[in-house]
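K.L.:
could you work out the structure for the sequence below:
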Amino acid sequence: MRTASRLGAAAGLLLTSLLILAPLRPAVATPPVDVDGPVTDPAGVLGGRAEEVRDALDVHLEEAGYQLFVVLVPSFDGLDGSAWADESARVSRLDD
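P.N.:
Modelled structure (predicted):
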């Protein structure tokens, strides 16, 4: 189960970090981040809807048995999305 949780966390981080949802803002490179919870939004994309996303992630955890993390950034700091997500998972100690 621990491997599935790590895999799920890394996959969730990768998939959600690939969503660049701030097309009207100038691209600002964001180095890999230390994820401090299920939703990390330094780009401010979610605004007042972050709680909705947290609630959906809680439902997913209960139903699927593994946790996803949502990270929204405008740019991957020169890395490809996969490398950025891997480094963010390492910095966040999600690979432990």
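K.L.:
CA only for contacts and neighbour counts going forward, please
P.N.:
Fine.
K.L.:
neighbours of the closest residue to residue 38 other than its chain neighbours, how many?
P.N.:
The shortest distance from residue 38 to any non-neighbouring residue, by Cα to Cα, 6 or more residues apart in numbering, is to residue 69 (4.6 Å). When neighbours are defined as other Cα atoms under 10 Å, residue 69 has 25 of them.
K.L.:
all helices of this protein, in order?
P.N.:
2-17, 50-64, 81-91 (DSSP state H).
K.L.:
among these, where is the model least confident on average?
P.N.:
Ranked by mean pLDDT, those bottom out at helix 2-17, with a mean of 56.
K.L.:
on that earlier part again, so the residue nearest to residue 38 touches residue 37, yeah?
P.N.:
Yes. Contact criterion Cα atoms under 8 Å: residue 69 and residue 37 qualify, at 7.4 Å.
K.L.:
ok so, going back, how close does the residue nearest to residue 38 get to residue 61?
P.N.:
10 Å (Cα to Cα, to the nearest Å).
K.L.:
and for residue 53?
P.N.:
12 Å.
K.L.:
equivalent analysis for residue 82, please.
P.N.:
For residue 82, the distance to residue 61 - Cα to Cα - is 22 Å.
K.L.:
between these two, which is the more surrounded one?
P.N.:
The neighbour count for residue 82 versus residue 61, taken as other Cα under 10 Å, is higher for residue 82 (17 against 14).
K.L.:
can you give me the buried ones in stretch 61-76?
P.N.:
Within stretch 61-76, the residues that count as buried by 16 or more other Cα atoms under 10 Å are 66-76.
K.L.:
among the residues you listed, which one sits closest to residue 48?
P.N.:
Comparing the buried residues of stretch 61-76 against residue 48 with Cα to Cα places residue 72 closest, at 14.2 Å.
K.L.:
wait, that closest one touches residue 47, no?
P.N.:
No. Using Cα under 8 Å, residue 72 makes no contact with residue 47, being 11.5 Å away.
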